[in-house]
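K.L.:
okay, sequence plus prediction incoming.
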Amino acid sequence: AQKITQTQPGMFVQEKEAVTLDCTYDTSDPSYGLFWYKQPSSGEMIFLIYQGSYDQQNATEGRYSLNFQKARKSANLVISASQLGDSAMYFCAMSLNQAGTALIFGKGTTLSVSS
Amino acid sequence: DAGVIQSPRHEVTEMGQEVTLRCKPISGHNSLFWYRQTMMRGLELLIYFNNNVPIDDSGMPEDRFSAKMPNASFSTLKIQPSEPRDSAVYFCASTLLSGGVYNEQFFGPGTRLTVL
């Protein structure tokens, strides 16, 4: 069965430092998409970044990059130069083909950024 | 662009009552998803529609839950009768699926349901 695992319940980082949030996935489908969403305390779900299973290069969006290691089935999110506003819950998710159908979510990682 | 609109934003009801959650997807999107978020189970898919047709309802917990999408601009999720364990945040999301090309799912603000 398809599964997303986020093993870090909480992470702490200081402003301006980089942080890596871990995500591993399990699927036997060769075609899938990987997503990261941010959920601040206000509750909304904010899309951050996407990686397709056939994409050759790691995705980047501003300060966010996705470290995609297909053989290890990992899709870690790297946030460079953390800001106080990055404090939030972060969810890794997978869709079962690159067209982005329904998402399977991990349990999330709470990131706390301090000054 | 108004984004995905959900109503109500908060709902408090008593056990046994009927609850109806509403969602208006982004205009032009052809797929709509209902997710539920709880502390115990995290975020889980309940049901999704493509071109107003239910595609996968395997996440609907039981017969007390039903969802409809009568047209491209409106969907409802109904719980009847409601139970305290239904208390959660319910998210609606929409996207445009077109020829295998990726498109981001846009989430609504969610409806926080409390069943007493």
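P.N.:
Alright, I've got the coordinates.
K.L.:
contacts, neighbours, all on C-alpha from now
P.N.:
OK.
K.L.:
so who does the one residue sitting closest to the centre of chain A touch?
P.N.:
Chain A has residue A:36 as the residue nearest its centroid, 3.5 Å off, counting by C-alpha atoms, centre = their mean. By C-alpha atoms under 8 Å, 6 or more residues apart in numbering or on different chains, residue A:36 lies in contact with A:47, A:48, A:49, A:50, A:77, A:90, A:91, A:92, A:93.
K.L.:
if we go to 6 Å?
P.N.:
A:48, A:49, A:91, A:92 (C-alpha atoms under 6 Å, 6 or more residues apart in numbering or on different chains).
K.L.:
and these, which of them are in helices?
P.N.:
If you go by DSSP state H, the contacts of residue A:36 have nothing in helices.
K.L.:
just flag the most distant two among these.
P.N.:
A:49 and A:91 (11.0 Å; C-alpha to C-alpha).
K.L.:
who has more neighbours out of those two?
P.N.:
residue A:91 (29 against 20; other C-alpha atoms under 10 Å in any protein chain shown).
K.L.:
how far away is that one from residue B:42?
P.N.:
Going from residue A:91 to residue B:42 by C-alpha to C-alpha, to the nearest Å gives 10 Å.
K.L.:
cool, and residue A:40?
P.N.:
15 Å.
K.L.:
for residue A:96, which non-adjacent residue is closest in space?
P.N.:
residue A:32 (4.7 Å; C-alpha to C-alpha, 6 or more residues apart in numbering or on different chains).
K.L.:
show me what the helix or strand of chain B with the lowest mean pLDDT is in contact with.
P.N.:
Across the helices and strands of chain B, the lowest-confidence element by mean pLDDT, DSSP states H and E is strand B:53-56, at a mean of 90. For strand B:53-56, contacts defined as C-alpha under 6 Å, 6+ apart pick out B:47, B:48, B:49.
K.L.:
which one of those residues is nearest chain A?
P.N.:
residue B:48 (7.0 Å; C-alpha to the nearest C-alpha).
K.L.:
beta partners of the closest one?
P.N.:
Here residue B:48 sits in beta bridges with residue B:33, residue B:56, going by DSSP bridges.
K.L.:
surely residue B:16 meets residue B:82?
P.N.:
Yes. Contact criterion C-alpha atoms under 6 Å: residue B:16 and residue B:82 qualify, at 5.0 Å.
K.L.:
quick one, which of these two is more surrounded?
P.N.:
Using other C-alpha under 10 Å, the more surrounded residue of residue B:16 and residue B:82 is residue B:82, with 21 against 14.
K.L.:
shouldn't that one be within a helix?
P.N.:
No. Judged by DSSP: H, G, I helix; E, B strand; the rest coil, residue B:82 forms no part of a helix; its state is coil.
K.L.:
pLDDT score for residue 111?
P.N.:
Using chain A. Note on residue A:111: pLDDT of 98.
K.L.:
was after chain B, sorry
P.N.:
98.
K.L.:
so residue B:10 versus chain A, what's the distance?
P.N.:
12 Å (C-alpha to the nearest C-alpha, to the nearest Å).
K.L.:
ok, now which ones touch the closest residue in space to that residue that isn't next to it in sequence?
P.N.:
Spatial nearest neighbour of residue B:10, excluding adjacent residues (C-alpha to C-alpha, 6+ apart): residue B:112 at 4.8 Å. Counting by C-alpha under 6 Å, 6+ apart, residue B:112 touches B:10, B:88, B:89.
K.L.:
do that again at 7 Å, thanks
P.N.:
B:9, B:10, B:11, B:88, B:89, B:90 (C-alpha atoms under 7 Å, 6 or more residues apart in numbering or on different chains).
K.L.:
state the number of residues packed around the last one.
P.N.:
What that stands for is residue B:90. Neighbours around residue B:90, by other C-alpha under 10 Å: 25.
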